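A.B. asks: have a look; sequence and predicted model below, questions after that.
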Amino acid sequence: MSLTIRDLVEVRLLSNDHRGLFARRDIPRGQLIGCFDGRATLFPVDRAGHIDSGAFAFRDLLQLERVEAGVLALAPVDGFDGIDFANHSCKPNASLKRGVVMVAGRCIRAGEEITLDYRKMDVVPEGIECWCDVPKRCRI
């Protein structure tokens, strides 16, 4: 579970099995929203370029740095909550500083979903097409 500034954001159910992070009130540009945490773990990367994430799903890891034949990533310790539910967008309104600190990249209005660009976070791409409503979708 990551540190989340609770008076700024809330997690909402988007569908039966999908959640998102939303602004409770207007959030000014540069405002700290939270900080990811977890157990720093070195995961091997196979020859095909896939992370051997063991018991974790690929999307559950916060990739930090490519290290030789692996990737250093934060693995969840106590489940997911708060900023862990920030979804991808090709046009995000939040960004990461130092790889783990989430800040508002622009003014985020109350009720707006808070998003990150996963392409800027992952050092080993997943290789899937994103699910944004942007006409030309990126690959994550």
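C.D. replies: Nice, I can see it. Numbers count the residues shown, from 1 in each chain.

A.B. asks: where does the protein have low pLDDT?
C.D. replies: Along the chain, the parts satisfying pLDDT under 70 run over 1, 134-137.

A.B. asks: can you pull the contacts of the one residue sitting closest to the centre of it?
C.D. replies: Using C-alpha atoms, centre = their mean, the residue of the chain that lies closest to the mean C-alpha position is Ala86, 5.5 Å off. Under the criterion of C-beta atoms under 8 Å, 6 or more residues apart in numbering, the neighbours of Ala86 are 20-21, 94, 102, 114-116. Using the backbone N, CA and C atoms, a C-beta is placed for each residue, glycine as well.

A.B. asks: equivalent analysis for Arg119, please.
C.D. replies: Per C-beta under 8 Å, 6+ apart, neighbours of Arg119: 125, 138-140.

A.B. asks: at 10 Å instead, please
C.D. replies: 88, 90, 92, 125-126, 130, 138-140 (C-beta atoms under 10 Å, 6 or more residues apart in numbering).

A.B. asks: in PyMOL, how would I select just the buried ones from the residues you listed?
C.D. replies: Selection of buried members from those for PyMOL, criterion 16 or more other C-beta atoms under 10 Å:
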select buried, resi 88+90+92+126+130+140
